[in-house]
Structures are given as structure tokens and as C-alpha cells.
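J.: Can you look at this prediction? I've put the sequence above it.
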Amino acid sequence: MELMLLSNSANHGAERLSHARDALAEFYAGRDVWFVPYALADHDGYTQVMAEAFARSGLRLRGLHTEADPAATMASADAVFIGGGNSFRLLRTLQRKGLVGAIRDAVRGGARYGGASAGTNMACPTLRTTNDMPIVEPDSFDAIGLIGFQINPHYLDPDPHSTHMGETREKRLAEFHEENDIAVLGLREGAWLRVNGTGVTLHGHTARLFRRGQSPEEFTPGARFDVLGVPLTDSAR
């Protein structure tokens, strides 16, 4: 499998996806990319914005929502990118359109998968490490399951000067590990993972790995997570 999983698509003061422009061009070279816009309500507008961003990488992007049978389209697709937004809305739509299995089968058959934010959450075994509000109820938390670990996009470090009394991201992930025994990688803004059949490599920025019963570990670009005993794929699927 070939995956590119970004923490984010937009950075303050920069063009959308500019931080990964060259990497996207290389990853999708020679392929037409089907864009999945279901995390936002305005599918046409979202597709247009992302198509313009992909064009700056020399890539053609088409909206999967325009197809009469999106699941059938995925059967012959050779590339897909799932955009960010509300991950609960995204997952419910994927489930109800038969796209969870269709995308999984396409990627395992050779299609390249990219995602940002909620789209990166979809590559995980479950939705459980999203940052989003549950504005709708999906049929289950089971996501596409292309990798064997969880990702927390937009990971934020605790601010020692903050007076906010709510949970930090680190605290929420500690609560996750009170109930679940699966590694979680916190991707900071500007970071992404490049996944292939033999490895998981960090690019762009730093990340923090959380595992049950262990102290968090820091990693810099170039780190390989598959050599740490973190499962590469979700073998349960």
C-alpha cells in the first residue's frame, strides 16, 4: 500500500498544501486523483478549492461526489485524496455510500491514498482519536483501517502558561489509553507520514508517539515508526 497522511492541509499565511506541494507531486505523479469532499457540507466549493491546490502540484483532481455510483468508481481508481473537515460526518457518509470497503479494496489493489486531518483519521482502524465534535452519528467508529495504529492530527502541546482548565491533548490521549491499547501518533501541523508496504516514515515536522503504559516519545522528520513495534497495517481487516 502507498499512503500519504497529512496532519493538515492549511497553514496560517500560506497557500493550501504548500508545505507538501513537492511531496504530493511525486506521490501522485501521472495519476488522476479522486477527491472525497464529504467532511464539509459544500462539496462543490470544497472540491474547487482543493483542485486549485492540487493544480499547483501539477495534478488533476476530480470530485468523487459527482459520480452516480462513487463506490463503483473507486473500483477502477488509481488515486484518492480525502479532505479534512468534520470526521464524524465524513465517516457516516463513507459508510452509507459503501465507500469504506470500496476505498480499502482500491488501495490494497494499488490505488494511492492521501488524506489530511479527517482524511488521515479515516486511514486509521477507528475514529476514536479525532479532535472533532460528533455533529452526526456514524454507524460505527470503524474507519477504513489501512494502518494498524491511530493518528491524532493537529497535535497541540500543552501550554504551560494557559489558564484553561479543560483537558490538554496529552490528557485526552492518556484517557484514550485508559480504555484502549493501541499506539497513537500525534502529528503536529506541517507533518505527514509516508506509508508503503515496508515502512512508515515521518516528514515535514515533528511528531509525538503515545503508547499505553509508556511515556510519550518525540520524533523528528526521517523517523521510521515501523521499526518501533508499531503495527504497519490493521491485520483485523
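T.: Everything's here; your move.
J.: Residue 4 against residue 193, yeah?
T.: Yes: with contact defined as Cβ atoms under 8 Å, residue 4 and residue 193 form a contacting pair (7.4 Å). Just so you know, the C-beta spots here come from the backbone N, C-alpha and C atoms, and that holds for glycine as well.
J.: give me the beta-bridge partners of residue 207?
T.: residue 187, residue 219 (DSSP bridges).
J.: residue contacts, residue 35?
T.: Residues near residue 35 by Cβ atoms under 8 Å, 6 or more residues apart in numbering: 47, 50-51, 54, 61-64, 80-83.
J.: okay, now the closest residue to residue 59 other than its chain neighbours: neighbour count?
T.: Leaving aside its chain neighbours, residue 59 sits nearest to residue 28 (5.2 Å; criterion: Cβ to Cβ, 6 or more residues apart in numbering). Residues near residue 28, counting by other Cβ atoms under 10 Å, number 24.
J.: quick one, phi/psi of residue 28?
T.: phi -100, psi 10 (degrees, to the nearest 10).
J.: do the one 5 residues further on as well
T.: Per-residue torsions, residue 33: phi -100, psi 130 (degrees, to the nearest 10).
J.: which residue sits closest to it, ignoring its sequence neighbours?
T.: Nearest to residue 33 is residue 79, by Cβ to Cβ, 6+ apart, at 4.4 Å.
J.: and that neighbour, how many residues sit next to it?
T.: Count around residue 79 with other Cβ under 10 Å applied: 24.
J.: Could I get the full set of helices for this protein?
T.: 21-27, 43-55, 70-75, 87-96, 99-108, 118-122, 169-179 (DSSP state H).
J.: For the residue nearest to residue 59, list the residues it contacts.
T.: 54, 57, 59, 79, 81, 112, 114.
J.: One more: residue 108?
T.: residue 1.
J.: What distance do you get for it to residue 93?
T.: Using Cβ to Cβ, to the nearest Å, residue 108 is found at 21 Å from residue 93.
J.: what's the answer for residue 195, then?
T.: 24 Å.
J.: Report the contact partners of the residue nearest to the spatial centre of the chain.
T.: Central residue check for the chain by Cα atoms, centre = their mean: the C-alpha nearest the mean position is that of residue 120, 0.5 Å away. Contact analysis of residue 120 by Cβ under 8 Å, 6+ apart lists 5-7, 84, 151, 153, 187.
J.: what bridges to the closest residue to it other than its chain neighbours?
T.: Counting by Cβ to Cβ, 6+ apart, residue 5 is the residue found nearest to residue 120 once chain neighbours are left out, at 4.3 Å. Residue 5 has these beta-bridge partners by DSSP bridges: residue 115, residue 193.
J.: With that, I have no additional questions.
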